[in-house]
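*Asks:* attaching a predicted model along with its sequence, questions to come.
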Amino acid sequence: MHAQFTAAIPKKVVPAAHLPLYGITYSRVHIDRLVKAGKFPAPFKLSANRNAWWEADILAFLEERGATRGEVDEVRLAVARRAAAASVAARATP
């Protein structure tokens, strides 16, 4: 038996069909794009037509997305505030 499979914590395989159970509802094509861009963990082949991921990789992806959520919200908030200020200024000029 391989040493990597004798660890105390067994690795769990997540097939593509089970990604929605983790809150990942992207289409297959979008997931392929994200993998190619390095923004989503790369799958491995279970068979010729079935992809899967290690659960640890999926959980790490979700943790990373959750950690950057505040930064993204702050950026969007700043953009929205600038847009609102520009809109008010445009309406105020006669």
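*Replies:* Cool, the structure landed.
*Asks:* okay, now the unreliable bits of the protein?
*Replies:* 1-10, 68-77, 79-80, 83-84, 87-88, 90-94 (pLDDT under 70).
*Asks:* okay, helices next: where are they in it?
*Replies:* Along the chain, the segments classed as helices by DSSP state H run 28-36, 55-92.
*Asks:* just the buried positions in the shortest one, please.
*Replies:* So that's helix 28-36. Under the neighbour-count criterion of 16 or more other C-beta atoms under 10 Å, helix 28-36 has 31, 34 buried. Placement of C-beta: from N, CA and C, glycine included.
*Asks:* tell me the helices and strands packed up against it.
*Replies:* For helix 28-36, not one helix or strand is in contact under the criterion 3 or more C-beta pairs under 8 Å, 6 or more residues apart in numbering; DSSP states H and E.
*Asks:* quick one: contacts of it?
*Replies:* The contact list for helix 28-36, computed with C-beta atoms under 8 Å, 6 or more residues apart in numbering, reads 16, 19, 24, 26, 40-43.
*Asks:* report the buried members of the residues you listed.
*Replies:* Counted by 16+ other C-beta under 10 Å, these give 19, 24, 40-41, 43 as buried.
*Asks:* and those residues, which two are the farthest apart?
*Replies:* I24 and P43 (12.0 Å; C-beta to C-beta).
*Asks:* quick one: common contacting residues for these two?
*Replies:* By C-beta under 8 Å, 6+ apart, no residue touches both I24 and P43.
*Asks:* next up, the contacts around A42.
*Replies:* So A42 contacts V35 (C-beta under 8 Å, 6+ apart).
*Asks:* give me the phi and psi angles of it.
*Replies:* phi -80, psi 140 (degrees, to the nearest 10).
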